[in-house]
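**Q** coords please:
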Amino acid sequence: MNDYLPPFFTKARHLKIYKLLNQHQTMEIKEIAEELGISQSTTRRDIELMEKLGYVKRFFGGVSLDKISSEDIEPPFEIREIIKAHEKKAIGKKAAEFVEEGDCIFIDGGTTTQFMVPYLKRFQNLTVVTCGINVAYALNKLPGITKIILGGQMNSAAHSITGKIPLDMMETYLFRFDKSFLTANAVSAKFGVTNRFIDRIPLKQRAIELSEKTYLLCDGSKIGKMALGQIAPVTSICAIISDSGAPENEVQLLREAGANVIITHTFQELN
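**A** Numbering: from 1, shown residues only. Now for the predicted structure:
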């Protein structure tokens, strides 16, 4: 997969194309161009780049989704990082409010946690350990932070480090965290915090065990859902930080189960 990341406005068009193909599976170039109100030449360039990134397959005059249309397969990382971007920004901002000067924190890999990083630039004495390659890259621009990225097997689809090596690294150096900030595929009162990919679960579980407090950053679409394997019960989490898109009845069930759910609002909602 090409490691080139298009600028935000191009990725926004990619997201629209991705959503159209999710609905129709196969479309002609001219149909996409008409639907989005852009030229066919621009559409072709977008489609060519999306194919290089592994999102779609081109054929003469049209395009179809590659395997990513399946519900069992995550959309590509570059698509996921702009889905619900405003909501994730609000969640990241709120999460950063729980960080204090002098803290040693763990930040999980994922698209939501990277939105937390810009709000850490105010710190002059902060240590951040992460398994997220995207998170590490964003942290590298902040001078007041000591950055540690866990080594191990790289999961290219997740832009994250997984496997046994990062766990061994934590044990070798006796890591302890004031706070950890995790992501997950789903959370519900009945099934707790769950994840679709079980190879990512042990590191999340160990981060919880090594932390004084754990915060779950989870956009509203994941509230009330269940994934394959459990990371932890909701009572193991200090707070679940989500957005106003979370179903109110599911939020209420989480609170009744003992979870502290914090609902954030985007700039557009507040104005």
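
**Q** can you pull out the strands in the stretch 1-150 of the chain?
**A** For the stretch 1-150 of the chain, the strands defined by DSSP state E, counting those that start in this stretch cover 26-28, 56-59, 62-65, 104-107, 126-130, 145-149.

**Q** deepest of those, which one?
**A** Across these, the average number of neighbours (mean count of other Cβ atoms under 10 Å) peaks for strand 104-107, which reaches a mean of 25. Where you see a C-beta, it was placed from the backbone N, CA and C, and this is true even at glycine.

**Q** what is that strand packed up against?
**A** strand 126-130, strand 177-182 (3 or more Cβ pairs under 8 Å, 6 or more residues apart in numbering; DSSP states H and E).

**Q** which neighbours in the sheet does the first one have, and how are they oriented?
**A** The reference is to strand 126-130. Using DSSP bridges, the strands paired with strand 126-130 are strand 104-107 (parallel), strand 145-149 (parallel).

**Q** avg pLDDT for that strand?
**A** Throughout strand 126-130, pLDDT has a mean value of 98.

**Q** want to throw the helices and strands packed on strand 104-107 into TSV with distance to T194?
**A** Shown next, in TSV, are these (distance: least, Cβ to Cβ, whole Å):
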stretch	distance to T194
strand 126-130	22
strand 177-182	12
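
**Q** out of those strands, flag the one nearest E35.
**A** Of all the helices and strands packed on strand 104-107, strand 177-182 sits nearest to E35, with 37.4 Å by Cβ to Cβ.

**Q** if we can go back for a sec, okay, the strands paired with strand 126-130 in a markdown table with mean pLDDT and distance to K30 next?
**A** Below are the strands paired with strand 126-130 laid out as a markdown table (pLDDT from 0 to 100; distance: least, Cβ to Cβ, whole Å):
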| stretch | mean pLDDT | distance to K30 |
| --- | --- | --- |
| strand 104-107 | 98 | 44 |
| strand 145-149 | 97 | 45 |
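
**Q** out of those strands, flag the one nearest Q252.
**A** Here strand 104-107 is closest among the strands paired with strand 126-130 (Cβ to Cβ), at 28.9 Å.

**Q** which residues touch that closest one?
**A** Applying Cβ atoms under 8 Å, 6 or more residues apart in numbering, the contact partners of strand 104-107 are 99, 113, 116-117, 126-130, 132, 135, 175-181, 207, 210-211.
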